[in-house]
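Asks: whatever this is, show me its structure:
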Amino acid sequence: MSSELTQLRARFAGTVVLSLIVGAVLIIHWEDDLGWLSAALGALVGWAAGILSAPYNRRESTQFRVYGKLASAFLTGFLLAKIDRVFDLGIDEKYGPLILHERFARNLMVGTSCFFIAMISTFIVRQYGSTEEKTQTNN
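Replies: As a prediction, this is how the structure comes out:
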């Protein structure tokens, strides 16, 4: 039990360090509201993904499969219908590809980083945080 607790603490400490790094980037380099918004959106979507990837019991697992199927059907249909518009937005005729602009790239990287930090930390807490509760509810 103590080695599991040590592993949990180490994993959580890693996510805290990554969170502090992203937070420092936000505080030092930005007066940009869009940067904060991309961080918040990434964290919220990552939090939801972390919850969906680590159900507590069989009931949640069944529900999450249904949610996953609905979300994937919606996103697949939406993305396929709008794929040409995504490419149009990605390339500006006046300035060239948006991905090469510093502000866009920074916002994208911060949003993606916040997504993964939130997803991993939520997954760790849900998957490894309360093993006694999980074994009791699964039986």
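Asks: low-confidence ranges, the chain, go.
Replies: The chain contains residues with pLDDT under 70 at 1-5, 7-8, 11, 29-30, 86, 88-90, 92, 95, 129-139.
Asks: quick one: the helices in it?
Replies: 2-29, 33-53, 58-90, 102-128, 131-138 (DSSP state H).
Asks: any idea which of those gets closest to Gly96?
Replies: Between Gly96 and the helices of the chain, the shortest separation by C-beta to C-beta is 10.2 Å, and it involves helix 58-90. For every residue, glycine as well, the C-beta is placed using N, CA and C.
Asks: show me what counts as buried in the closest one.
Replies: Burial within helix 58-90, assessed by neighbour count using 16 or more other C-beta atoms under 10 Å, is assigned to Glu60.
Asks: how far does it sit from its chain's centre?
Replies: Centroid displacement of helix 58-90 relative to its chain, using C-alpha atoms, centre = their mean, to the nearest Å, is 15 Å.
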